[in-house]
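sequence? don't have it. structure:
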């Protein structure tokens, strides 16, 4: 759970700071970036279903495919279509920004083989070298994310008031 918390808080921080600079990205879009950061963790549904592979309508599928940039973009595009046309650009940017934050952070997870999974599929099957900075079960990235997010909350409140 610390991994998901870190991803969501990192997306909050980045989306909030970007919303200060970009006029078309408003504070109301920040939760969408946080949702986008959680999209790849939809693959964790396999923990509830008992296996990383299952059969859907006679076709065997793997849940871990949801952790790729291709699956995340598909979710983000559907999310972009669910909002009014005037909100689509900002919604899609927020969802994709959160998704990219998640995938980017996952490249820094320590991997036993030294290579990260093929997150960039369908662009490439390449397994890039892992950053080997932290374990996904480590607590310290979440502590850092909580401290930074709390700081951003305070600065954001001052910006709104002042």
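The structure has been received and is ready for your questions. Source: prediction; values computed, not measured.

residues in contact with the most centrally placed residue in the chain?
Most central in the chain under CA atoms, centre = their mean is residue 37, positioned 1.9 Å from the mean C-alpha point. By CB atoms under 8 Å, 6 or more residues apart in numbering, the contact list for residue 37 reads 7, 8, 10, 11, 98, 99, 101, 102. In this view, the C-beta of every residue, glycine as well, is placed from N, C-alpha and C.

these in helices, which ones?
Using DSSP state H, the members of the contacts of residue 37 that fall within helices are 7, 8, 10, 11, 98, 99, 101, 102.

reformat those residues as JSON lines; add distance to residue 86 and neighbour count.
Shown next, in JSON lines, are these (distance: CB to CB, whole Å; neighbours: other CB atoms under 10 Å):
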{"residue": "7", "distance to residue 86": "28", "neighbour count": "29"}
{"residue": "8", "distance to residue 86": "26", "neighbour count": "23"}
{"residue": "10", "distance to residue 86": "28", "neighbour count": "24"}
{"residue": "11", "distance to residue 86": "23", "neighbour count": "30"}
{"residue": "98", "distance to residue 86": "20", "neighbour count": "30"}
{"residue": "99", "distance to residue 86": "22", "neighbour count": "25"}
{"residue": "101", "distance to residue 86": "25", "neighbour count": "22"}
{"residue": "102", "distance to residue 86": "27", "neighbour count": "26"}
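
in what helix or strand does the closest residue to residue 134 other than its chain neighbours lie?
Spatial nearest neighbour of residue 134, excluding adjacent residues (CB to CB, 6 or more residues apart in numbering): residue 141 at 5.3 Å. Using DSSP states H and E, residue 141 sits in helix 140-161.
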